[in-house]
Structure formats: C-alpha cells, structure tokens
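*Asks:* fold the following and give me the result.
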Amino acid sequence: MMIKKQLIAVILVEFSMISTAIVLPSPQALPDNGFSKGVSWTPIVPLKKITFVDFDENNLLDDYSYLASIPTSVFYDKNDNKIYSHPLLYYQDPYPVKKDKERSLNARQGLDYFMEDWMGYCNGRLDGMTLINVPKEKVKQWPSRNVTVIDGDDPYSVASQIALNDWSYSDRAVLAVIKENYSKPNNITEGSLKGIVTPKEVKKIHFEVPKTNEVYPIYNEFNVPEGYKLLKVRSWYPCFYFEAGIPGFEGLINMSIPAGDRDLQVYCDMNGRWMMAGITNGWNAKGGMDIDKTSVYVYKNGRWSVAITDVPTKALDINSVFSNPLLNLKETGLEVQKHHSFLLFHFGRYGRIIDILKNMKHVTYQVDVEMYPGVELTIPDRPTIGCRDAKFILKWNNPNVHLGFSLIGPNGEEILSTREPGVSSTCPIDVPEGEIPIPEGTKTDLKVYKLGECLDNESYKICVYSLDEITNPVDFTIEYSWKQNYSRVESNCLTSATEGSILASELNIPLLYINTDSIPKVTLQTLYTLGVKQVYLVNIGDHLSDEAKRQLIDGFSIKQYTTDEEIYNDIRSISNSNDVVFSTITPWNYWYVAELKPAGEEKGSRFIGPAAYIAAHHGTPVLFLEEHPELSSASVWHTELWRRHPDGYTKLPTVSEMYLTGTRVYNFLNKLGFDREGMETIITVAGQFNIGFSWDRTFVGKAKPGRFFGSPVDVAVWITKNVFYPMLIFENPATNDLGVTMINGSKSIRRFPWRGKLGLKIVKPSEKESFKYPILDTLICYDHKFNSRASKYWGFKYKCADGSIPGESPSFEEIDQGVMKAVNGKEGAFLPDLSGSEVQPFYIRKAGCQPVFSTNFSANMYNLNQGVLLWMVNTHGAPLNGGMFMFWDVKHDNPVGYPPIPLASYNKEPNPWRGYEWLMGSTSEPDTMTMEIHGVLPALFGNPNPKGIRILTTALDWAAAKRPIRDILGEIASLPILRYFTPEWFQDTQDYYDGIIITVFLSRFGTSWYNGTQVDDAIGNIHAIGVSSVACLPAGKYLHLTLMRHGSVYQIMDPWATSWYSDVWQNSV
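*Replies:* Below is the predicted model:
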C-alpha cells in the first residue's frame, strides 16, 4: 500500500524534538523520532502544515468536513510506530462585537494568537495549507509553500476531495453512514400518577456535641425508619446575638455570645459505605449562629449519621460581608427564641438564659434531626433519547398541608427538588439560608432541562414528602411531560462519522461518507479511483438501507460496525489506550459575558470534530453521552446544577450526587474495559451548559480529569495548543536563554521607633529586572506560616485527608529538602507548610526557573505580555462581570474595589513583591491584621486563649497581630526570672497571627477587582503559558476563556469557592 502523504512528509518535514521538562533547554533537532512527552499514545512527529475548515453554525457540513480531515491531519504510521500530525482548525471571521457582552462569541481572537505562535514555529512559512470552503484571500497573512483549496456543498464531495488530495492509492477505506440533515422529532410524552402520603409523626432526635476547636468530626449515628423520606437537620447552641451595620454594609458585625464556628455533615449508609448526603459550611463568625441547617432527601432508609467539625470555613456567598443574615428571620427551631430589631441593629437570644450562661464556660453544640413522611412513585414512561423540557406538577387535596417533591434519577441521585429556592413557580424565592420554601396553595412544580435514558430495569422516580406535621392521609397527583429534541438516527450517525474518523486515523486510510439510503456516486467513484478493496463500514444503529449494503457487498470486502462497543474495541486494540474522551452530539449553548446563563443554541455548532481530534491523539474513541443510557442519565444532575447555578456560590455540588453519578459512570467504563490499574486520563469536550462543570470534577482522585469549553472554534484551538505545546512553548520569550525583562515587586520593612509614615521603609524598589525561565507568582491573598505559627491562634493544625500535617510530616522526596527553612528555619525534607509566598518560590527555583513577583494589575499584565512559563495566581476571585481577580491597588487606578486608607504608609508602595495588610504590615511581615474570632477583649490584649472573657466576637480582620511595643514587652517578659512572674500568653508574641493575608474586609482596603474584559484589553499573546489559580469562582467565566484565547494552554481554576487551605495543592503544582 502506498500512501502519498507519507512521501510528502519524508521530503518536506523538518521538526524539532522538544523537552517538556520545566527546566527548558534549547530545542534539539531530532528529525525522525518525534516527541513522546505530549498527549498522544505514541510519539508525535509534528508537520509544519495547517488545515482550516470554514465554520458554519447553521449546518453540519463543517463538522463532517472536519471529521473527514482528521485522517489527513492525525495519522498513525504502523511501521514507525509514530503519529504524524498538524493543526486542524475551524476558520471563523472576527465576530462584529458591538457590546462587551458579545466578546464571548469572538473565537477568532484565539485563532489569531495561535497562528502567531504556529507561524513562529514554522519559521514564518508553512509547508502546506489545506483550505476547506475557506477563500484563499482570507488567510493570506499566513504564507504557505503549498496551498490546497477544497470546495464543496455536501459532505460526500468534500470527503472525496480530501481523500483524493492526500492519497494516490489506498486498498482500504472507512465508510461512515450519515445524513446531511436530521429532522427534529415531534414527540411529546405525557402522563400522570396518583399517590397518598400516609401520616406519621414527625420523628425528632437530639444530640449534644462539645466544642473542640479541632478539625476531626464527632459522629452521632441514628436510624431512619421506613416511610420517612425527608430529613431536616440543624445545629445550634444557646447564645445571645448582636448584629449591626450601616447602609450598604448591613450585617457588617454579627456577634454570637458565646462564639462558635462549626460545620454540619449528614451521612447515609449506602451499601456499607458512608455517603455524605448533606453539608453546611457557613461562616458562623460572620453569618451568625443559626445558619447551620439543611434538608436532605432520604436516599436509603436505615443507618444514618450526623457529624460536627469545629473549625472555621469560608463563607460561600461572595456578598456575605454585606448581607443581612437576620433579614426575614423567623423561629425555626424547637428552643425558646427572642428576636428584636431597632433601625440597623438586631439582637436577641437562642435558648434559655441559664443554658446560655452555662455555655459561657464551655460551648455545647445542639443538633436536631427531624424526619418527615413521604412516598416514592415510579414514573412508568421512560425518557427516549433527546429528552428535553421535562415538567412535573404536584397537586394535592388539603390546603392545610404543605408538600414538596424531588425528581430521582435511575441511580438514586436527587436531580432536583422543590426544596431549593427558585425551583417551584408556586414557592417564594427569597427565603432565609437553609430554609425550605413553602408552596402557596395546593400545587408545586419543577422543570428540568433534559433527562437521560434508562436501562431496561431502571426508571425515574418522584419522591413526595410532607414539609410539616400531617395527621390525615394526603391524596396527590403528579402530572409530567417532556419533548424529544433529536432522534436516535442523528445520534447514531454523528457517532458513526466521529468514530470512523478516529479509526481511519489509526489505520492511516481515508474516511468517506455514504447516506443512510444510498451510496453517493462521488463516494463510489472515489473508492474505485483509490483502488479500495476493503471497506470498514461504520453503521452504528444499522441505519443503512439493505440496497446500499448489497451494493457494497458486491464490490468490496466489508467489515461492519453496528454497535458502539464493536468500534470502541477496534480503536483501542491498535493503541491499547484506556484514556477516556467524553463529549456530546448536542449543539453548543452559547453565552454572553457576565450574564451567567445560557443565551441560546446554534444548531450547527457541534463539538464532534474537536473531540475526535483529541481522541485520535489519545488512541481512544469518543464516548458521546447520548449514545449510552448510563452516561446520559448520569449527566442530568450535573448539567441542571450548573445551568441553575453557574455563579458557583448560590448552590454547591453535593457529594452524594457526585458519588452516585460518578459510580454509575465508572461502572460503565469498567464494563467496557477502560477502568484499569492506576488513574485514567478523562477529557470532557463540551460547552459548560451542555455538560455541567461538576461532571469532570466528579472523577478527581479516581482519574486525571480535564475539560475543554467554549465554542467549537475555541475548543479546536485549545486542543491543538495542548497537542503541540512542546513546540509552541518555545515561541514564548520566557524560554530565551538570555532572559527576559520583567517588573519585579518592591521590598519593605517596618522600623521602630517609627520614622515617617509609621516606619514603613522601601528597602528595594519595584523595577525592571532580567529573569531566566520566569514564573510569575502573584501573591495578594495567601496563607502564611499557617501551621508553624498561626495554629497558635486558631487552636488547631491543618491536617490533610491522609493524616499528614503540612510543615511537620516528613517527606522522603529529595525535592522537599530545605522547604521549611524560609518558613521556620528547619532543615530537612518536609511536607511544606501552608505558606505560599515562601514555599512556591522555593519549588520554582528547584525547577531551574526564576520567580518574578508583582501585585498590581499593570505590572502583572506587563509581565504576562513579556512572557512567563506559568502564572501562579494567589488572590481573591469572583464570578461577576465576566469573572474577576483582585489586585493590589493603593493608587486607586480601578474604581471597583476597596479604596486605600488615606495617609496610610502602604500608599507609597504601589507594587510590593507580595501583598500585605496595611496596619503595620510590610513585605517582611505581611500578616498583621487578624480575623478576630476570640472576642474583643482577647483581641485587645493579644491573648487567643482567654478564660471566661471569650465574648463579643466580630469576625472582622481588625485585630492587630503586629504590636511593636507589646512585642518588646513580651520579649522582656520572656527573660530568665521574669518569665516566672508573667503569663505565657504575654511572653508569646507570635500567637495572634491568623496566617491568612488580606482576608475578610478591612485588610482589603487598597485592593481592586479587575474583570475578564479588562484582562482581555490588557494582554496580547501570552504564548502557551499555564495558569494555576487559587482564586474563588472564576472558572468558566470570560476571564477564564480570554486567558485561553490569548495563549494559555492549561488552567487550574475553581468554579466554586476555594478553601483557605488551598496552599496545600498550589504549593505542589
């Protein structure tokens, strides 16, 4: 067999073998070996070519053209055991952006930046360019020695031209059965169910848990009898409270007397393993005592457990600092409650006064569990493929009773519930945190965007439960309906084309198309022209007509695939890969900057092509969720959650749903042989509103998951950047052995006695310096000596899930030798402490790179434009206005943020190397303003372990940690003889540091928020950098997307709130 493209490759291609280690040498020319440290299952030889397919959001011609191009862009040479590959991209004209919100639709920006780097790698001229329905004049800015133009208005002729252009002869070919257009089904399913909620007494259980100030949980087990389907769980304790604020800053101070800050977890015994079914993680010191309450669907009757952990956690709501947690407060507990208000002041008590006084000595938490009756009904109709717009209405016959219901998936997951505010059209939206909205009248409802299919022995269920005490049976009716949005024929045919392209890539043979009804003449003629003798017929679902089959059998040797599993096995038999690529056949749900919701659907914008391209490199099939009931149903909850809560903070993913759906997916993967020893690579290629973001996060720990999102044009560019990263990274100026100029931050100290502006002295100015292999480390909000020093203040040391203690547990890895020296002076190898500004630079230098530090926006953007290998982002984040990062801004260059304190000394340091707190802070000691959690008097005296005076907590970061006069007195008190007459807390000057820099509110003054469009405007080509961010909430927002478009290859970002303790993983990047 002779293949023309192999000969072209041998004659024309020169390429470099690039090391992908962090220490970057100059590229080494190894012409025939390819590079093995990439994404592919076997070494890749990069070709200095490009293929462009004109993107059309209105039809599938571009998708089929893209798939037909895959065997010519990614092909495996069995003799050399190498993949020859070049970029395969959609071409799209610049979007005519008229409003900022439309920037999310301008994927051309990313294409241009990629081409700038690819042309650099190709020394300014491509060896070859293939244009499919793209006019030559639109790409003249990218010169090529050879240009091939393919035009066609149907997939059959386009695929034939591609095959004839790249093959002079091939005795084998892949034929995929497709249709050009698919009619939308007009099927509607409707039905109803009747049932009765049988009255049962509300079962109540009470536990008491002592306050521990420790991270370990205290469990209390209980039993949920049959007939109960809803739990309400609340943790509280007897206390006084006082809340005050000012207009615009309601809830600024919220004191509980005595103080406590615990979290609640609820567990269900699921087949012998404890599954977390519910959780609260409110910040009691800021949100008040009575916020730890939740309701939980009873997944399984029998053994349950409730646990209390007693350590501070971040508030979920980014507006919590300014919210009024006592707004619309009502009594919900069993204890005595007294609530009073006067203007902006709210005060009162929970529990009896005598119990409050007892708690002054030692707090005892109360846990109340209430169980409510309910019943589950099986929905007799099973959703078909393409199920959309499912509606469920619950009606009952007693106006004195309140009912709620949940939709339960085939693996027992709670997909959606009317207990969630905003779900039911008959329930109020504005309810206090943790409370269940009560329906008005005798009707409630819910709507779900999509439903997946079930296996033969499975079904969806409706669980109806009482929300209060009922004494008589309650008759109810459930009405349901859904539509079918696409057919099985469409799913099967798109799958045939996709898997066919991957198989053709591995076999190094052309992909052609035939219609379900007949064999187009152009396809048949191409088979004869190429001399094809054997045909691999990809006919998933067996939709090809009998007449067409007979015609093929008469002329060729046929190997037919009619099931997904058959072609999966053949694709994997060549590569022996168990990597997983998930995707969807559904059109892209596009979205606008800052709107935090899907805006519409483009029927011709599909992810099938880019998914196949990355799958071909991994040597694995694309697993379309719609093709498999186990996958389509498992994705329902994830997509519904993200479509309703893309802000990332109004509702978090639940462990129970992630566990149940993740188990379902892995059972499926195991059945197909993907689940082998070790961690699989799992890639999801889909828009964020097509498959919700929690989907790929579900597999963390079991696998190595990743996600590509954006438009199909974005995704094609992003995937290509990942494939060719070993070449593209050398277009980054940061790889220059001579170094690159960066703005490095200033250094400062505090002097005592004070001279000028409270003694702040700049000992090294911020200035331009030269760095070799720079990594940009932006340090605004970060942990600082958390276990080694701040643990004295908090009363506990952070422990990892495996029991290891950062800063104390030994390490047997050579790279950790000396990591604690800058933190506390200890020699040796340790698991590093949570102290980002000292640990991250240590590892950067160990890698042979140089850290560069900047904190203000302009310096960071300048450094990104100059060229860095990695951007480590340690700051606050937000999902609003296209996603936001917080930067140091004492010059108040940006109005959105916290204005600097007038006359404060830090105003003269516009770009410190690491952020610090303005009250007595400097870069030499950044941690000077402490979140006060022990009470006003302990804060004034600097004693975190008071006896009998732990009252009046504010949870604001006003308490001074650095006190020059007191520190001197403490050192004097520590002298021999004197130390016997002074208390230990007075001698210890290091016990009032909270270990977190720029935290809640007051320490933020002098910082500003910069959004995604501002970052977009400020940066150019940032050349294949990586981004590792601990900022809360920006993932999936325009900020994330624009970093990718400007050149970033990979990003570690959080769509939800990031823990204060995130330095554990940021330090290990």
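
*Asks:* spatially nearest residue to residue 543, not counting backbone neighbours?
*Replies:* residue 516 (4.7 Å; Cβ to Cβ, 6 or more residues apart in numbering). For every residue, glycine as well, the C-beta is placed using N, CA and C.

*Asks:* any idea how far the longest strand along the chain is from the chain center?
*Replies:* Criterion DSSP state E: the longest strand present in the chain is strand 364-378. On the basis of Cα atoms, centre = their mean, to the nearest Å, strand 364-378 sits 31 Å off its chain's mean C-alpha point.

*Asks:* got it, and stretch 344-353?
*Replies:* 40 Å.

*Asks:* ok, stretch 152-171 next?
*Replies:* So, by Cα atoms, centre = their mean, the centroid of stretch 152-171 is 40 Å from its chain's centroid.

*Asks:* again with stretch 770-780
*Replies:* 25 Å.

*Asks:* where does the prediction get shaky in the chain?
*Replies:* The model of the chain has pLDDT under 70 over residues 1-34, 245-253, 284-287, 312-336, 338, 754-758, 946-955.

*Asks:* could you chop it up by domain?
*Replies:* With domains defined by automatic domain parsing, the chain comprises 4-183+488-727, 188-196+379-484, 198-373, 733-797+835-926+1001-1066, 928-996.

*Asks:* check contacts around the residue nearest to residue 543.
*Replies:* Neighbouring residues of residue 516 by Cβ atoms under 8 Å, 6 or more residues apart in numbering: 177, 178, 179, 489, 493, 543, 544, 545, 548.

*Asks:* among those, name the buried ones.
*Replies:* Buried by 16 or more other Cβ atoms under 10 Å: 177, 178, 179, 489, 493, 543, 544, 548, out of the contacts of residue 516.

*Asks:* out of the residues you listed, name the ones that lie in helices.
*Replies:* 489, 493, 548 (DSSP state H).

*Asks:* so which of the residues you listed is the closest to residue 512?
*Replies:* residue 548 (13.2 Å; Cβ to Cβ).

*Asks:* can I get the helix or strand just after the longest strand of the chain in CSV, CA atoms only?
*Replies:* Downstream of strand 364-378, the first helix or strand assigned by DSSP states H and E is strand 387-396. Only the C-alpha atoms of strand 387-396 are listed here, as CSV (Å, rounded to 0.1, in the frame of the first residue of the first chain):
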residue,chain,number,x,y,z
CYS,A,387,-35.5,14.2,26.1
ARG,A,388,-35.9,17.9,26.8
ASP,A,389,-38.0,20.3,28.7
ALA,A,390,-39.3,17.9,31.3
LYS,A,391,-42.1,19.3,33.5
PHE,A,392,-43.6,17.9,36.7
ILE,A,393,-46.6,19.2,38.6
LEU,A,394,-47.6,18.1,42.1
LYS,A,395,-51.2,18.7,43.2
TRP,A,396,-52.9,17.7,46.5
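
*Asks:* next secondary structure element downstream of strand 387-396?
*Replies:* That would be, after strand 387-396 and using DSSP H and E, strand 403-408.

*Asks:* distance from that next one to the middle of the chain?
*Replies:* That offset, for strand 403-408, works out to 28 Å (Cα atoms, centre = their mean).

*Asks:* report all helices and strands that it contacts.
*Replies:* strand 387-396, strand 414-417, strand 443-451, strand 461-466, strand 474-484 (3 or more Cβ pairs under 8 Å, 6 or more residues apart in numbering; DSSP states H and E).

*Asks:* about what we covered before: can you lay out the domains of the chain as JSON lines showing distance to residue 810?
*Replies:* Below are the domains of the chain laid out as JSON lines (distance: least, Cβ to Cβ, whole Å):
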{"stretch": "domain 4-183+488-727", "distance to residue 810": "24"}
{"stretch": "domain 188-196+379-484", "distance to residue 810": "41"}
{"stretch": "domain 198-373", "distance to residue 810": "20"}
{"stretch": "domain 733-797+835-926+1001-1066", "distance to residue 810": "14"}
{"stretch": "domain 928-996", "distance to residue 810": "22"}
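
*Asks:* which among those domains is found nearest to residue 805?
*Replies:* Using Cβ to Cβ, the domains of the chain put domain 733-797+835-926+1001-1066 closest to residue 805, at 5.7 Å.

*Asks:* show me where the stretch 1-150 of the chain has its helices.
*Replies:* Using DSSP state H, counting those that start in this stretch, the helices of the stretch 1-150 of the chain run over 4-12, 61-73, 108-121.

*Asks:* buried ones in stretch 687-707?
*Replies:* 687-699, 702-703, 705-707.

*Asks:* what does stretch 960-979 give?
*Replies:* Those would be 960, 961, 962, 964, 966, 970, 973, for stretch 960-979 by 16+ other Cβ under 10 Å.

*Asks:* got it, and stretch 528-538?
*Replies:* 530, 532, 535, 536, 537, 538.

*Asks:* mind listing the helices for the stretch 451-600 of the chain?
*Replies:* Secondary structure of the stretch 451-600 of the chain (DSSP H, counting those that start in this stretch): helices at 488-507, 521-530, 546-555, 564-575.

*Asks:* need the winner for burial among the ones you listed.
*Replies:* The highest average neighbour count among the helices of the stretch 451-600 of the chain, using mean count of other Cβ atoms under 10 Å, belongs to helix 488-507 at a mean of 26.

*Asks:* now that one against helix 61-73, angle please.
*Replies:* 20 degrees (axes from the mean of the first three to the mean of the last three Cα atoms, to 10 degrees).

*Asks:* use 5 as the first number for this chain going forward.
*Replies:* Happy to do that; since the first residue is 5 now, the last one works out to helix 492-511.

*Asks:* packing partners of helix 492-511?
*Replies:* Using 3+ Cβ pairs under 8 Å, 6+ apart as the test, helix 492-511 ends up in contact with helix 65-77, strand 78-81, strand 176-182, strand 515-519, strand 538-542, helix 568-579, helix 612-622, strand 626-628.

*Asks:* JSON lines for these, including distance to residue 226?
*Replies:* Formatted as JSON lines, those follow (distance: least, Cβ to Cβ, whole Å):
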{"stretch": "helix 65-77", "distance to residue 226": "54"}
{"stretch": "strand 78-81", "distance to residue 226": "57"}
{"stretch": "strand 176-182", "distance to residue 226": "57"}
{"stretch": "strand 515-519", "distance to residue 226": "60"}
{"stretch": "strand 538-542", "distance to residue 226": "55"}
{"stretch": "helix 568-579", "distance to residue 226": "45"}
{"stretch": "helix 612-622", "distance to residue 226": "47"}
{"stretch": "strand 626-628", "distance to residue 226": "41"}
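
*Asks:* what's the closest of the ones you listed to residue 767?
*Replies:* helix 612-622 (49.8 Å).

*Asks:* tally of neighbours for residue 307?
*Replies:* The local packing of residue 307 (other Cβ atoms under 10 Å) involves 15 other residues.

*Asks:* also residue 735?
*Replies:* Look at residue 735: counted by other Cβ under 10 Å, it has 18 neighbours.

*Asks:* who are the contact partners of it?
*Replies:* By Cβ under 8 Å, 6+ apart, the neighbours of residue 735 are 120, 121, 124, 125, 1027, 1028.

*Asks:* ok now do the last one, which residues does it touch?
*Replies:* It refers to residue 1028. Here residue 1028 is in contact with 121, 725, 729, 732, 733, 735, 736, 1051, 1052, 1053 (Cβ under 8 Å, 6+ apart).

*Asks:* and the contacts of residue 520, which two are furthest apart?
*Replies:* 493 and 552 (14.9 Å).
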